[in-house]
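# 3D, please:
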Amino acid sequence: MAESKTPLVDEFEEWHKSNYDGEDTYIKDMYLSKYDGCLSDKWMGEDILLDIRSKFARPINYIIDRLEEQKIIDKWAVPIIDASYEDSTHFAIIYEGKVLCHDYYKAWGLQNMTREELDNFLNGIWFACLKALGVEVQEAVGC
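So this is what the prediction gives:
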């Protein structure tokens, strides 16, 4: 069997299925599809800022869970998301008073991605956290 070119996306999809029952198409709809605006109409609710926060929280929470599952951190890390529909949404992951990752993207920029682009986005967060924690990594990109 060939090795996946997008292992973090594959893992993110599995994580998402186990954490968000009944939302099987969210990743495809929200990150891998093209739509007008900053959110897919299918997933837009009454509170657009809450929906944008969710759009960023899901990959961030996946990375936090991955850090915990791999025993890289032993306590719950805190995701901070300052959502915006007019400009960039800032996000950070804080662990034991230390910023593991901080970055910002426009919400409408996280759409119509290829699986490889989404994998690179996830890897950027992952490697930034590892680097901030002092874990040896070959290449740190992103945050």
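
# okay, now the unreliable bits of the chain?
1, 138-143 (pLDDT under 70).

# can you tell me the element the residue nearest the centre of it falls in?
Central residue check for the chain by Cα atoms, centre = their mean: the C-alpha nearest the mean position is that of Pro59, 2.2 Å away. Using DSSP states H and E, Pro59 maps to helix 48-69.

# how much space separates the residue nearest to Glu13 when sequence neighbours are not counted from Phe91?
Excluding its sequence neighbours, the residue lying closest to Glu13 (Cβ to Cβ, 6 or more residues apart in numbering) is Ile27, at 5.7 Å. Where C-beta positions appear, they are placed from N, C-alpha and C, glycine not excepted. Between Ile27 and Phe91 the computed distance is 17 Å (Cβ to Cβ, to the nearest Å).

# ok, Asn61 next?
Per Cβ to Cβ, Asn61 is found 11 Å from Phe91.

# ok, Thr114 next?
From Thr114 over to Phe91 the distance is 22 Å, taken as Cβ to Cβ.

# just Gly97 next, same as before
Per Cβ to Cβ, Gly97 is found 17 Å from Phe91.

# ok, those two, which is more surrounded?
Between Gly97 and Phe91, counted using other Cβ atoms under 10 Å, Phe91 has the larger neighbour count: 22 against 6.

# rewinding a little: just checking, the residue nearest to Glu13 touches His16?
Yes - because the distance of 5.9 Å satisfies Cβ atoms under 8 Å, Ile27 is recorded as touching His16.

# coming back round to it: check which residues of the helix holding Pro59 are buried.
51-64, 66-67 (16 or more other Cβ atoms under 10 Å).

# could you pull out the strands in the protein for me?
Taking DSSP state E as the criterion, the chain contains strands spanning 78-82, 88-95, 98-106.

# which of the buried residues of helix 48-69 sit farthest apart?
When those are compared pair by pair using Cβ to Cβ, the two farthest from each other are Asp51 and Leu67, 25.3 Å apart.

# what about the nearest residue to Asp29 once chain neighbours are set aside, how many neighbours?
Spatially, and ignoring its direct neighbours in sequence, Asp29 is nearest to Ser40 (4.6 Å; Cβ to Cβ, 6+ apart). Using other Cβ under 10 Å, the number of residues around Ser40 comes to 20.
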